[in-house]
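Visitor: need a structure here:
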Amino acid sequence: MAPMATSDARAKLLLDEVARTWGTDPAAAEARLAGALEEASRFDPAERARLHARLGQLRIFLGRIDDAVGVLYEALGSWEDGYLELQLAAALVWRGDAEALAEGERRAGHASALARRHRDGPLQIGASCVRGEAALALGRPRDAVEAFGEALGVSEFSTSEAVSVVPLAGLALAHLGWRAPAKAAPLASRALGRAQRVRDPAGIARALLALGLAERDAARLVEAAKAADAAPHRPLALRARVRALQLSPAHEARSPTGTTLGELLGTARAMGLRADAASLERLRAG
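Guide: As a prediction, this is how the structure comes out:
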């Protein structure tokens with residue numbers, strides 16, 4: 001077997017093992033992948049880059065934003081890869097402060113350029129969605145509509161409904177903040193139906209988050225938090241709980257999800273979610 005094929009095969013076996021472990025013990029899955037990557041000679045540079053991208057993604061899901069950023073920066077120091085750029089962009093957007101958002105948007109744009117160069121549809125969808133999320137966080141809903149619309153357009157070439165869930169949920173949020181808020185709930189409902197059909201807990205959480213905000217329904221946001229917990233996608237679960245608290249009358253000290261403002265603030269800080277922490281600090285201040 002050629003060396004490249006050996007590396008490919010090893011990487012695939014490792015990712016399959018990690019995926020199986022993730023379903024029962026997410027922390028162990030992350031540790032297994034991180035440990036394998038310490039054995040430098042097992043994978044060629046291109047495979048190591050993709051494995052590091054997956055490691056960064058798992059750390060985002062686990063709410064270890066700073067750790068994700070660190071490993072992705074290090075990997076990009078030795079190899080250019082669109083998926084490394086994508087996951088770093090996603091981590092920076094979750095971090096959410098002004099500097100991180102600016103860099104995250106720039107890196108998502110670079111990931112989009114690499115996707116076009118290599119005709120990589122999944123990368124293009126992911127990069128466009130992260131660009132949309134950055135635009136929303138920066139208060140530019142029109143740009144977000146364009147980015148999520150681009151992602152949705154590319155997703156239509158896929159035979160799987162799964163790839164359209166995040167674009168639909170993001171487009172719902174973008175329309176909610178721009179000129180067509182009435183489109184938000186139907187788009188979020190479409191995203192929810194598709195996520196449920198493909199049994200995607202994180203997709204269900206994103207769709208419920210968009211639907212809850214569109215309908216101003218705290219119960220939907222409670223459902224979103226529970227779905228994100230099950231995925232797990234801890235930053236998304238925290239975001240749903242923050243939004244539920246913001247919808248509470250006079251920003252009650254306890255969220256409808258049963259979590260206090262102080263607990264949410266501590267969790268946001270521990271995860272490295274700077275924008276969410278700042279929002280909670282403003283709520284606490286009055």
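Visitor: Quick one: residues contacting the residue most central in space within the chain.
Guide: What sits nearest the mean C-alpha location of the chain, by CA atoms, centre = their mean, is residue 90, with 6.0 Å. Residue 90 is in contact with 57, 60, 104, 108, 126, 130, 133, counting by CB atoms under 8 Å, 6 or more residues apart in numbering. Just so you know, the C-beta spots here come from the backbone N, C-alpha and C atoms, and that holds for glycine as well.
Visitor: Out of those, which comes closest to residue 31?
Guide: residue 57 (14.8 Å; CB to CB).
Visitor: wait, isn't that closest one in contact with residue 87?
Guide: Yes. Contact criterion CB atoms under 8 Å: residue 57 and residue 87 qualify, at 5.1 Å.
Visitor: Give me the common contacts of the two.
Guide: residue 68.
Visitor: how close does residue 143 get to residue 94?
Guide: Counting by CB to CB, to the nearest Å, the gap from residue 143 to residue 94 is 19 Å.
Visitor: between the two, which one's more packed in?
Guide: Neighbours around residue 143 and residue 94, counted as other CB atoms under 10 Å, are more numerous at residue 94. The numbers are 27 against 18.
Visitor: what is the rounded mean pLDDT of the helix or strand where the more buried one lies?
Guide: Following DSSP states H and E, one finds residue 94 within helix 82-95. Computed over helix 82-95, the mean pLDDT rounds to 98.
Visitor: How about stretch 104-118?
Guide: Mean pLDDT, stretch 104-118: 97.
Visitor: in that stretch, what counts as buried?
Guide: Using 16 or more other CB atoms under 10 Å as the test for burial, stretch 104-118 gives 104, 105, 107, 108, 109, 110, 111, 112, 114, 115.
Visitor: nearest to residue 189, of these?
Guide: Nearest to residue 189 among the buried residues of stretch 104-118, counting by CB to CB, is residue 108 at 26.8 Å.
Visitor: quick one: the closest one and residue 135 touch, right?
Guide: No. In this structure, residue 108 is not within contact of residue 135 by CB under 8 Å, at 9.7 Å.
Visitor: ok, the nearest residue to residue 198 once chain neighbours are set aside - contacts?
Guide: Spatial nearest neighbour of residue 198, chain neighbours left out: residue 162 (4.4 Å); criterion: CB to CB, 6 or more residues apart in numbering. The contact partners of residue 162, by CB under 8 Å, 6+ apart, come to 194, 195, 198, 200, 203.
Visitor: Look up the pLDDT of residue 223 for me, please.
Guide: pLDDT, residue 223: 97.
Visitor: just checking, what packs against the host helix or strand of it?
Guide: Taking DSSP H and E as the definition, one finds residue 223 inside helix 218-230. If contacts are counted by 3 or more CB pairs under 8 Å, 6 or more residues apart in numbering; DSSP states H and E, helix 218-230 sits against helix 201-215, helix 234-247.
Visitor: could I get those as TSV with mean neighbour count, mean pLDDT and distance to residue 256?
Guide: Listed next are the helices and strands packed on helix 218-230 as TSV, based on neighbours: other CB atoms under 10 Å; pLDDT from 0 to 100; distance: least, CB to CB, whole Å:
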stretch	mean neighbour count	mean pLDDT	distance to residue 256
helix 201-215	25	98	10
helix 234-247	24	94	5
